[in-house]
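K.L.:
structure for the following, please:
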Amino acid sequence: MLSFNSSLLSIAADFVGTHSPFQTIQITPAPSGGVFLASTDKGNIACLAHDSGGSADETINIIPSKDLARATKGIKTGDRNIRIEDSMAVVTTYKKTTQNQVVEIPIIKSTIDFPDLSSAITDCLKRWSMTPETSETAGRYNISYINKAIKSLSVFDTSITFSAFDGGPLRIQGASDQIVILVMPQTAEKIPPVPWWVKDYAAK
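P.N.:
Residues are numbered from 1 along each chain as shown. Okay, here's the model as predicted:
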């Protein structure tokens, strides 16, 4: 059985691809406790989430249906938890002013292996640990992916940080450390010079 904050699943569902093996969300037990969730499209963007209060006794890959994404979406007036057992998900909404609401939704499990996202993250961690004082290149990132990340993270936070260097993945996260979105660069570009008029403006 798996149990965790359902909002994380709803956000992860925003970043799945349309074709196998990218159309699933992988849910795994975390070695130090809790639950990991991961999703990615064909390599342009990835979502990583961790619920330290969650529990899981197995790894599953599920294809998120529209009904499941809708039922698990985070709300500001209460909390939602999801429990997955066999091929059924039970989503419970806890509200302060009304009775708890329970919705049962069948889930579709995939037998296709999840993409090897952990290897890519290992490479990112090595790169981040050697952050240069000044980067020579900057990534050029697709605006639609950045907008999608900002919209999804707004469920948890009202402000976010952007971290990128050397044309690598743009790491987007908020004050909550439960979700990290990685936007992969389209290209690595030389950092453009500051426009001449900015210097004029600063000197006025």
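K.L.:
who's the spatially most central residue of the chain bridged to?
P.N.:
The residue lying closest to the centre of the chain (Cα atoms, centre = their mean) is C47, at 2.5 Å. Under DSSP bridges, the beta-bridge partners of C47 are S39, I181.
K.L.:
could you check how far it is from E189?
P.N.:
C47 sits 25 Å away from E189, going by Cβ to Cβ, to the nearest Å. Where you see a C-beta, it was placed from the backbone N, CA and C, and this is true even at glycine.
K.L.:
now swap in I107 and tell me
P.N.:
Counting by Cβ to Cβ - I107 and E189 are separated by 42 Å.
K.L.:
which of those two has more neighbours?
P.N.:
Taking other Cβ atoms under 10 Å, I107 and E189 do not tie; I107 has more neighbours (18 against 12).
K.L.:
shouldn't I84 be within a helix?
P.N.:
No - under the criterion used here (DSSP: H, G, I helix; E, B strand; the rest coil), I84 is strand, not part of a helix.
K.L.:
what is the neighbour count of it?
P.N.:
I84 has 23 nearby residues by other Cβ under 10 Å.
K.L.:
before we move on, what about the one 3 residues further on?
P.N.:
The burial metric for S87, expressed as a neighbour count using other Cβ under 10 Å, is 10.
K.L.:
give me every residue that touches it.
P.N.:
Neighbouring residues of S87 by Cβ atoms under 8 Å, 6 or more residues apart in numbering: P106, I107, I108, K109.
K.L.:
if we go to 10 Å?
P.N.:
By Cβ atoms under 10 Å, 6 or more residues apart in numbering, the contact set of S87 is I62, P106, I107, I108, K109.
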